[in-house]
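A.B. asks: fold the following, please.
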Amino acid sequence: MKKNTWSGKHGPLLIAEIGGNHEGDFAYAQQLTELAIGADVDFIKYQLYTGDTLVSRQESPVRNKHFKKFELSREQYIQLAERCREAGIGFMASVWDLDFLDWIDPYLPIYKIGSGDMTAYPVLRRIAQLKKPIILSTGLSTLQEVLETVAFLQREDDIYKNPNFLSILQCTSMYPIPPSEAHLSVMQTYAAVTGLPVGYSDHTEGSEALAQSVAMGAQILEFHFTDSREGKEFRDHKVSLTQAEVLELIDRIKTIHTLNGDPVKRPLAVEGDHVVSFRRAVYPALAIPAGTAIEEKHLICLRPNHGIDAREYDALIGKVAKVDLEPHQRLEWEYFEQ
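C.D. replies: Residues are numbered from 1 along each chain as shown. Sure, this is the predicted structure:
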């Protein structure tokens, strides 16, 4: 595993979630996978489940039927995983059927826990036993619940105290959400109280929230992915990006990183001699005869910063001029009695 699990080709780890956008059509899942490969992301994400191991047939028969319609087979998921591997793209999944772990684990370097499973402690325990990095989405949750889940994982295995093995995504679990419901600042709260890497799982329309989250320090970006939003009824398509939009987002990320630059503050070569020409020094405001005790009325601060720096203004007050001084001439300390 690389030193920083969450470092992507373009800065943040980019996860294109096909999820259920294939709507149970394997050929369409393959098509979306090829498009996502062309989008130059770090990971392509899927959701692995069966309706009967996810939703109660009695308590929620409509949703049970919905998820059954979106199922793919074991062989189909493996084929998608192998295609990702062949293309040099990471394969990622939210595994909602724990019986799938035995055959899908060899393809998964990272596990993604969806918001709905954040409090499913038996699921978390089973995945933690695999000792692989986990990304935790936090839609639907209070801060206290997030902290409790983090603590649970860290009790299960000390490995999840290592920031290379656990990260947290801000998420609002609705499709779509208005910008006012993104609450990107929660990422900074997570970073402050947990010390873990943070990121953003997007359910807004467009890519503005994703770009803004990068500027705010997101190390992981997860976004839904589709070929087109036109004519699609399944809700996830509405919040999905296309290949062209992902490539545009990558360009924006590059610009953001360029603008962020180096955190060490110092004069830069591009500023040239401006450190002298833009800054001020102390000059005589009027003619000053030798023997004059300097008062504020005698002085003015002007550009360029030649001679006595403006920060030494107060030190000149009360000094006695040893020579005649002309207005606006360059001053040196040797012109004054010490």
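
A.B. asks: quick one: the helices in this protein, in order.
C.D. replies: 26-38, 61-69, 74-87, 101-104, 121-128, 143-156, 186-194, 208-215, 243-260, 274-277, 313-316 (DSSP state H).

A.B. asks: domains for the protein, by residue range?
C.D. replies: The record assigns the chain these domain ranges, following automatic domain parsing: 11-260, 269-335.

A.B. asks: out of those domains, which one sits most buried?
C.D. replies: domain 11-260 (a mean of 18; mean count of other C-beta atoms under 10 Å). Placement of C-beta: from N, CA and C, glycine included.

A.B. asks: just give the closest residue to residue 257, not the sequence neighbours.
C.D. replies: residue 11 (5.4 Å; C-beta to C-beta, 6 or more residues apart in numbering).

A.B. asks: dig out what that neighbour forms beta bridges with.
C.D. replies: Residue 11 has these beta-bridge partners by DSSP bridges: residue 8.

A.B. asks: swap in the one 4 residues further on?
C.D. replies: Residues found in beta-bridge contact with residue 15 (criterion: DSSP bridges) are residue 43, residue 222.

A.B. asks: and residue 242, how far from residue 21?
C.D. replies: Look at residue 242 and residue 21: by C-beta to C-beta, to the nearest Å, they are 11 Å apart.

A.B. asks: overlap of the contact sets of those two?
C.D. replies: 225, 226 (C-beta atoms under 8 Å, 6 or more residues apart in numbering).

A.B. asks: any idea which residue is closest to the centre of this structure?
C.D. replies: residue 218 (1.4 Å; C-alpha atoms, centre = their mean).

A.B. asks: correct me if wrong: that residue contacts residue 188.
C.D. replies: No: using C-beta atoms under 8 Å, residue 218 is not in contact with residue 188; the gap is 10.2 Å.

A.B. asks: hey, what's in contact with both of these two?
C.D. replies: residue 198.

A.B. asks: thought residue 220 was touching residue 187, still the case?
C.D. replies: No: Residue 187 is beyond contact range of residue 220, at 9.9 Å (criterion: C-beta under 8 Å).

A.B. asks: overlap in contacts of those two?
C.D. replies: In contact with both residue 187 and residue 220: 198, 199, 200, using C-beta under 8 Å, 6+ apart.

A.B. asks: tell me which of those fall in strands.
C.D. replies: 198, 199, 200 (DSSP state E).

A.B. asks: against residue 12, how distant is the closest residue to the last one other than its chain neighbours?
C.D. replies: Residue nearest to residue 200 in three dimensions, not counting chain neighbours: residue 213, with 3.9 Å by C-beta to C-beta, 6+ apart. As defined by C-beta to C-beta, residue 213 lies at a distance of 8 Å from residue 12.

A.B. asks: hang on, the earlier thing: for the residue nearest to the centre of the chain, what are its contacts?
C.D. replies: Shown in contact with residue 218 (C-beta under 8 Å, 6+ apart): 12, 184, 187, 198, 199, 200.

A.B. asks: what's it sitting at in phi/psi?
C.D. replies: phi -60, psi 130 (degrees, to the nearest 10).

A.B. asks: how about the one 10 residues further on?
C.D. replies: Backbone torsions for residue 228, taken as degrees, to the nearest 10, come to phi -160, psi 150.

A.B. asks: most remote residue from the middle of the protein, which is it?
C.D. replies: residue 291 (64.1 Å).

A.B. asks: just checking, it touches residue 324?
C.D. replies: No: if you go by C-beta under 8 Å, residue 291 and residue 324 don't touch, sitting 9.4 Å apart.

A.B. asks: now do the shared contacts for the two.
C.D. replies: With C-beta under 8 Å, 6+ apart as the test, residue 291 and residue 324 reach no residue in common.

A.B. asks: residue 216: what's it in contact with?
C.D. replies: 184, 185, 187, 188.

A.B. asks: let me fix that, I meant to ask about residue 17.
C.D. replies: Contacts of residue 17 (C-beta under 8 Å, 6+ apart): 44, 45, 46, 222, 223, 224, 225.

A.B. asks: for residue 223, see how far away the second one is.
C.D. replies: So that's residue 45. 10 Å.

A.B. asks: what do these two both touch?
C.D. replies: 15, 16, 17.

A.B. asks: so the first one touches residue 223, yeah?
C.D. replies: Yes: with contact taken as C-beta under 8 Å, residue 15 and residue 223 are classed as touching, separated by 7.3 Å.

A.B. asks: and residue 285, what's its pLDDT?
C.D. replies: Note on residue 285: pLDDT of 98.

A.B. asks: for it, which non-adjacent residue is spatially closest?
C.D. replies: Nearest one to residue 285, counting by C-beta to C-beta, 6+ apart, is residue 300 at 3.9 Å.

A.B. asks: surely that neighbour meets residue 283?
C.D. replies: Yes: Residue 300 sits in contact with residue 283 when judged by C-beta under 8 Å, with a separation of 5.5 Å.

A.B. asks: where do the contact lists of the two overlap?
C.D. replies: residue 328.

A.B. asks: just the strands in the stretch 201-338 of the chain please.
C.D. replies: 220-225, 240-241, 281-284, 299-302 (DSSP state E, counting those that start in this stretch).
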